[in-house]
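Following is a predicted model, sequence given first.
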Amino acid sequence: MVLTPLLQEAVRVLLRNWHGYATVPSRSLYPHQWSWDSAFIALGLQHISTARAATELLSLFSAQWADGRIPHIAFNPAVPDDAYFPGPSVWRSSAIDGHPPIATSGIIQPPLHAVAVASIVSQIGDQGLSFAERAYPCLVDQNAYIRNRRTVDGGLAALVHPWETGLDNSPAWDRPLAAVPADLTLFETYTRRDVAHAGAGERPTDEDYARYIRLMLMYRDHGYGDDWVRAEAEFLVVDPAFNALWAWSELALADIANRLGRDDSEHVVEAERITAAMVDQLWSEDRGLFLARDARSGQQLPERTVAGLIPVMLPGLPSKIVDLLVATATGEAFRVGAPDVHGVPSFDLTDVRHEPRRYWRGPSWLNTTWLVARGLQVHGHKELAQRLDDDLVGLVAKSGFREYFHPRTGRGHGTRSFSWSAALLIHVLLDSD
Ligand code: 2M8
């Protein structure tokens, strides 16, 4: 296969960020293994080496807790404790019964891993079955943890920390976070490391960080207990993107079960159940997309964010909802497909809080752009999906493998040589599905 210079550079980014058994999102800003990053990374890695893509995911699964949770960070023991904040000495996972052999965080991230495993298994064919046999029980336990330990009334999963959503400082979390005290004296004890690697104007604020640290310390000090957190946490939200990815992962599990000659029916039923609950509880006809919900107050959170478009990937959605989602995606809030907008902006372009350079408050990210594109494809909107794939390639061609991009100018922001930007470029250009 002849690789274009852009593909060659993407491969180089992934090779440089590989640390022996997994890939760091970025050598400087994120020097450990992150959960949902590894799923995106494996989708790209499989085109370079299916064995390496399988190793990426199996490494993460070796950090799974006895209760089934796959932690959002698996720390690399070779990296100094203070290279990333909060590091292993702050999370203290080794104090927990059933902790894995390496240090980890104690929260989770969106469960995209079954989708990555199913993709790799279909690429390898029958020789992939031994990988599928190893991965399947880990994935089943991951989803059982979400269902048994994280659902709230109505049966959808609730998240206990903005980091669990993956869209950390999304404006959708502003209201629920307002109930969490921001104690800036924390920074007399702790030092943020992120702002040494990316501009402070492109990262969450100190107030946000103080709240993030308070929430993690409280969960930690209650033994990462889910009965406590669902009853007492200061932050508890139901996120449409997380729940959609959970349903999608059940569909991927059905696919894997089929290949392994097992009964797939419980996965199919679970995907249908989650989809129906989302339509019932998170769909907003008025706003034309899915909205997050504050599980403590029961209030819908009105912000239009990319997380509300991501459920378009669910094949079981009523066609009227799909039509409205497409109208919202192409309308004034996101302007998908317009000549002067690149990718899917993470937040409503018309909202006064839109910040085109600040992290999850406006920039276009390649992972969420890719997810929306896949959803559009599922429902036959091939041209729009292709336009987003072209945007993804165009953003990298113009600005490099940046973490996120200004939605109007296409300029790159955040860290450089970012792994999922490289992996998804490879996947979009080389995937034959
Ligand atoms: C960002 O989140 C981490 C905390 O998990 C951070 O800001 O330090 C988010 O973009 C998240 O979605 C991503 O998984 C992580 C690593 O790329 O970085």
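Perfect, I can see it now.

Look through this structure and tell me its longest helix.
Longest helix in the chain by number of residues (criterion: DSSP state H): helix 129-150.

neighbouring contacts of that helix?
The contact list for helix 129-150, computed with Cβ atoms under 8 Å, 6 or more residues apart in numbering, reads 54, 57-58, 61, 64, 67-70, 108, 111, 113-114, 117, 120-121, 124, 157-159, 226, 230, 246, 249-250, 253, 256-257, 259-260, 270. Bear in mind the C-beta positions are built from the backbone N, C-alpha and C, glycine included.

Please read off the pLDDT at whichever residue of the stretch 51-200 of the chain sits closest to the ligand from the model.
The nearest approach of the stretch 51-200 of the chain to the ligand comes at Gly166, 3.6 Å away (Cβ to the nearest ligand atom). pLDDT for Gly166: 98.

Count residues in the vicinity of it, would you?
Per other Cβ atoms under 10 Å, the neighbour tally for Gly166 reads 25.

What residues does it make contact with?
The contact partners of Gly166, taken as Cβ under 8 Å, 6+ apart, are Trp36, Gln109, Pro110, Ala241, Phe242.

Just put those residues in TSV and tack on distance to the ligand.
Shown next, in TSV, are those (distance: Cβ to the nearest ligand atom, whole Å):
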residue	distance to the ligand
Trp36	6
Gln109	6
Pro110	8
Ala241	11
Phe242	11
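
Sort out for me which of those residues are in helices.
Per DSSP H, the contacts of Gly166 map to helices at Trp36, Ala241, Phe242.

and the spatially closest residue to the second one that is not a sequence neighbour, how many neighbours?
Closest residue in space to Ala241, ignoring its immediate chain neighbours: Ala307 at 3.7 Å, by Cβ to Cβ, 6 or more residues apart in numbering. For Ala307, the count of nearby residues is 30 (other Cβ under 10 Å).

Residue numbers of this protein in contact with the ligand?
Residues of the chain lying close to the ligand (Cβ under 6 Å from any ligand atom) are Pro25, Tyr30, Trp34, Trp36, Asp37, His72, Trp163, Gly166, Asp168, Asp194.

Most neighbours out of those, which is it?
Tallying neighbours with other Cβ under 10 Å puts Asp37 at the head of the residues of the chain next to the ligand, with 29 neighbours.

That residue and Phe418 touch, don't they?
No - the pair formed by Asp37 and Phe418 falls short of the contact definition of Cβ atoms under 8 Å, at 9.1 Å.

Find residues that contact each of those two.
Shared contacts of Asp37 and Phe418 (Cβ under 8 Å, 6+ apart): Pro25.

residues contacting Glu13?
Heads up, residue 13 is Val, not Glu. Val13 touches Phe401, Ser417, Phe418, Ser419, Ser421, Ala422, counting by Cβ under 8 Å, 6+ apart.

Could you do Asp81 as well?
Shown in contact with Asp81 (Cβ under 8 Å, 6+ apart): Gly87, Pro88, Ser89.

Most widely separated two among the residues of the chain next to the ligand?
Trp36 and Asp194 (17.9 Å; Cβ to Cβ).

Neighbours of Glu188, how many?
7.

what's His379 in contact with, if anything?
Residues near His379 by Cβ under 8 Å, 6+ apart: Val312, Pro315, Leu317, Ser319, Val322, Val326.

my guess is the third one meets Trp283, correct?
No - shown here, Leu317 and Trp283 do not form a contact pair, counting by Cβ under 8 Å, at 9.0 Å.

what is in contact with these two at once?
Residues touching both Leu317 and Trp283 (Cβ under 8 Å, 6+ apart): there are none.

For the stretch 101-250 of the chain, which segments count as helices?
Taking DSSP state H, counting those that start in this stretch as the criterion, the stretch 101-250 of the chain carries its helices at 113-124, 129-150, 162-165, 174-177, 206-221, 226-232, 240-259.

Let me know the angle separating the next helix or strand after the last one from helix 113-124.
This means helix 240-259. Counting by DSSP states H and E, the next helix or strand C-terminal to helix 240-259 is helix 265-281. Orientation check (axes from the mean of the first three to the mean of the last three Cα atoms, to 10 degrees): helix 265-281 against helix 113-124 gives 130 degrees.

where does the protein have low pLDDT?
Along the chain, the parts satisfying pLDDT under 70 run over 1-2, 433.

where do the strands sit along it?
Counting by DSSP state E, the chain has strands at residues 33-34, 73-74, 237-238, 283-284, 289-290, 292-294, 300-301, 404-405, 412-413.

CSV for these, including distance to Ile96?
Listed next are the strands of the chain as CSV, based on distance: least, Cβ to Cβ, whole Å:
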stretch, distance to Ile96
strand 33-34, 19
strand 73-74, 14
strand 237-238, 24
strand 283-284, 37
strand 289-290, 33
strand 292-294, 28
strand 300-301, 31
strand 404-405, 33
strand 412-413, 36
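
Was I right to think Gly394 contacts His342?
Yes - at 6.8 Å, Gly394 and His342 qualify as touching, with contact defined as Cβ under 8 Å.

Now list whatever residues contact both of the two.
Common contacts of Gly394 and His342 (Cβ under 8 Å, 6+ apart): Gly410.

So which of those two has more stuff around it?
Between Gly394 and His342, counting by other Cβ under 10 Å, His342 is the more crowded of the two (27 against 15).

Am I right that the more buried one is in contact with Arg408?
Yes - taking Cβ under 8 Å as the definition, His342 is a contact partner of Arg408 at 7.4 Å.

so what's in contact with those two at the same time?
Contact criterion Cβ under 8 Å, 6+ apart; residues shared by His342 and Arg408: none found.

ok, and the closest non-adjacent residue to Arg335?
Sequence neighbours aside, Val341 is the residue nearest to Arg335 in space, at 4.2 Å (criterion: Cβ to Cβ, 6+ apart).

what about that neighbour, neighbour count?
Using other Cβ under 10 Å, Val341 has 18 neighbouring residues.

Give me the distance between it and Lys398.
Val341 sits 14 Å away from Lys398, going by Cβ to Cβ, to the nearest Å.

gap between the residue nearest to Arg335 and Asp390?
13 Å.

swap in Leu15?
26 Å.

what's the burial count for the nearest residue to Ala63 once chain neighbours are set aside?
Spatial nearest neighbour of Ala63, chain neighbours left out: Ala74 (3.7 Å); criterion: Cβ to Cβ, 6+ apart. Ala74 sits with 25 neighbouring residues when counted by other Cβ under 10 Å.

Please shift the residue numbers so they start at 49 in all later answers.
In the new count, where the first residue is 49, that last one comes out as Ala122.

May I have the beta-bridge partners of Ala122?
With DSSP bridges as the criterion, Ala122 is bridged to Gln81, Thr152.

quick revisit: now the contacts of Val61 as CSV including neighbour count?
Converted to CSV, the contacts of Val61 look like this (neighbours: other Cβ atoms under 10 Å):
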residue, neighbour count
Phe449, 27
Ser465, 21
Phe466, 24
Ser467, 29
Ser469, 31
Ala470, 30
